[in-house]
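Participant: dropping a prediction and its sequence here:
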Amino acid sequence: MGKSKMVMTKQEFYSLYIPALEKALDTDHINIGFKVKGPEDYIDTKLQVEIENYLEEHEDVFLEKVAYYFDAKSHNFPSIEGVEIEVYKKKIKIEINNVKKGFLDNSTDSPAGL
């Protein structure tokens, strides 16, 4: 019998993803050969499969924006869809705060500091 895919909830996903995203944004000035570490680089490798399963099952405009940002940052693009990259980053940070308010502040088991 094959192992069934476990898919986490949106709240579980964001409780892992948001801290990793914040760390990635804090270190986005480090670009090694067109590679800026994204949030997935800061998530425990033991949880990677669950994260990938979640992403396969759920489309999310916010996550697409994050992907665009890190792709643009890796290639040293000055803007994304006509928006300066630093302005785009600020908008992502605003959305992070909205996610925290919407999903993480209501969690009794959210990591400290969220």
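Facilitator: Sure thing, it's come through. This is a predicted model, so every value here is computed, not measured. Numbering: from 1, shown residues only.
Participant: got the contact list for the closest residue to residue 43 other than its chain neighbours?
Facilitator: The shortest distance from residue 43 to any residue other than its chain neighbours is 4.8 Å, reached at residue 20 (CB to CB, 6 or more residues apart in numbering). The C-beta positions use only the backbone N, C-alpha and C, and glycine is treated the same way. Taking CB atoms under 8 Å, 6 or more residues apart in numbering as the contact definition, residue 20 lies against 39, 40, 41, 42, 43.
Participant: what about residue 20, which helix or strand?
Facilitator: Here residue 20 is covered by helix 10-26, with elements defined by DSSP states H and E.
Participant: swap in residue 98?
Facilitator: When elements are defined using DSSP H and E, residue 98 is found to belong to helix 85-99.
Participant: helix, strand, or coil at the closest residue to residue 50 other than its chain neighbours?
Facilitator: Distances taken as CB to CB, 6+ apart put residue 8 closest to residue 50, at 5.4 Å, once the chain neighbours are dropped. Counting by DSSP: H, G, I helix; E, B strand; the rest coil, the backbone at residue 8 sits in coil.
Participant: residues near residue 8, how many?
Facilitator: By the criterion of other CB atoms under 10 Å, residue 8 has 17 neighbours.
Participant: the contacts of residue 20 in strands, which ones?
Facilitator: Taking DSSP state E as the definition of strands, these contribute nothing to them.
Participant: of those, which is the nearest to residue 56?
Facilitator: Set against residue 56, the nearest of the contacts of residue 20 by CB to CB is residue 40 (13.4 Å).
Participant: surely the closest one touches residue 47?
Facilitator: No. Here residue 40 lies out of contact with residue 47, judged by CB atoms under 8 Å, at a distance of 10.2 Å.
Participant: ok, the residue positioned nearest the centre of the chain - contacts?
Facilitator: With distances taken as CA atoms, centre = their mean, residue 21 lies nearest the centre of the chain, 4.3 Å away. Taking CB under 8 Å, 6+ apart, we find residue 21 in contact with 39, 66, 92, 96.
Participant: done for today, thanks.
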